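**Student:** Can you look at this prediction? I've put the sequence above it.
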Amino acid sequence: MTLQLRIYVPPHPLIKHWLAVARDAATPSVLFRSAMTELGRWLTYEATREWLPTQETTVESPLASCPATFIDPEMPLAVVPILRAGLGLLEGAQTLLPLASIYHLGLVRNEETLQPSCYLNRLPEKFDPQTRVLITDPMLATGGSMMAAMAELTRRGVDPTLTRIVCVVAAPPALQKLSAAYPGLIIYTATIDETVNDQGYIVPGLGDAGDRIFGT
Ligand code: URA
């Protein structure tokens, strides 16, 4: 079977609404943060469909025994927010995945070369190969940071087919790079925009997500 990168843009009105709020340049930082939290929540909800491992059992209701499905508490789950902007999506993701381990990865983009460099890496030496990993980063523009994150994760034993990326705006350069390198990967995004400008910003995009989340 040939693997292919899959990109889902869930057609949910709440995702469309919060994307519109985030895109609007007049949205103040406090509301922009709420938009990121809500997008993190709803995109994670979509991304965890058919990804969260479950176990079948029975429970005793007050009236009778009945079949029941629980999330498998033994299966390792990890969320990797790419700092800074990935932190904006973390709260929403974490409310749905309260048992997941959170591993911070700080990548900063050189404004001239657009190349990422790592300033914080809290990843473990080795992941259990069954670990489901959800990466959060709102903007997939040139793909440099996400490629660097995937390289760090796969070097530590993460299986790309068990990995989901949650972003808000994705652009073709990032999607092409990720597709060529990690064909089994699945991406959930609120939208796919057309272009990336010379400064590495997605157009129309929503501006600098980190600046707008943190107001700095
Ligand atoms: N990072 C951002 O915050 N915005 C973009 O448009 C691209 C990268």
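**Tutor:** On my side now, so go ahead.
**Student:** Tell me the spacing between the nearest residue to Leu96 once chain neighbours are set aside and the ligand.
**Tutor:** By the measure of CB to CB, 6 or more residues apart in numbering, the closest residue to Leu96 outside its immediate chain neighbours is Thr44, 5.1 Å from it. In this view, the C-beta of every residue, glycine as well, is placed from N, C-alpha and C. According to CB to the nearest ligand atom, to the nearest Å, Thr44 and the ligand sit 19 Å apart.
**Student:** So Thr44: helix, strand or coil?
**Tutor:** Under DSSP: H, G, I helix; E, B strand; the rest coil, the three-state class of Thr44 is helix.
**Student:** Measure how buried it is and give me the count.
**Tutor:** Neighbour count of Thr44, defined by other CB atoms under 10 Å: 25.
**Student:** Next, the contact list for it, please.
**Tutor:** With contact set as CB atoms under 8 Å, 6 or more residues apart in numbering, Thr44 has these partners: 89, 92-93, 96-97, 134, 166, 188.
**Student:** Of the residues you listed, which is the nearest to the ligand?
**Tutor:** Within the contacts of Thr44, the smallest distance to the ligand is 12.4 Å, found for Leu89 (CB to the nearest ligand atom).
**Student:** Who's the closest spatial neighbour of the closest one, skipping the chain neighbours?
**Tutor:** The shortest distance from Leu89 to any non-neighbouring residue, by CB to CB, 6+ apart, is to Gly40 (3.3 Å).
**Student:** Nearest spatial neighbour of the residue most central in space within the chain, chain-adjacent residues omitted?
**Tutor:** Taking CA atoms, centre = their mean as the criterion, Val166 is the residue nearest the geometric centre of the chain, at 2.3 Å. Of all residues not flanking Val166 in the chain, Leu43 sits nearest, at 4.6 Å (CB to CB, 6+ apart).
**Student:** Count residues in the vicinity of the one you found, would you?
**Tutor:** Each residue near Leu43 was counted by other CB under 10 Å, and the total is 32.
**Student:** In this structure it contacts Thr189, no?
**Tutor:** Yes: using CB atoms under 8 Å, Leu43 makes contact with Thr189 at a distance of 7.3 Å.
**Student:** Residues that sit against both of the two, list them.
**Tutor:** Common neighbours of Leu43 and Thr189, using CB under 8 Å, 6+ apart, are 166-168.
**Student:** ok, back up a step: and the contacts of Thr44, which two are the farthest apart?
**Tutor:** Distances among the contacts of Thr44 were taken as CB to CB; the most separated pair is Leu97 and Tyr188, at 13.7 Å.
**Student:** Looking at the two, which one has more neighbours?
**Tutor:** Tyr188 (25 against 20).
**Student:** Who is the more buried one paired with across the strands?
**Tutor:** Residues in a beta bridge with Tyr188, per DSSP bridges, are Tyr8, Val166.
**Student:** what are the phi and psi values for the residue of the chain positioned farthest from its centre?
**Tutor:** Seen from the C-alpha centroid of the chain, the residue lying at the greatest distance (CA atoms, centre = their mean) is Leu63, 41.2 Å away. Dihedral angles of Leu63 (phi, psi; degrees, to the nearest 10) stand at phi -110, psi -30.
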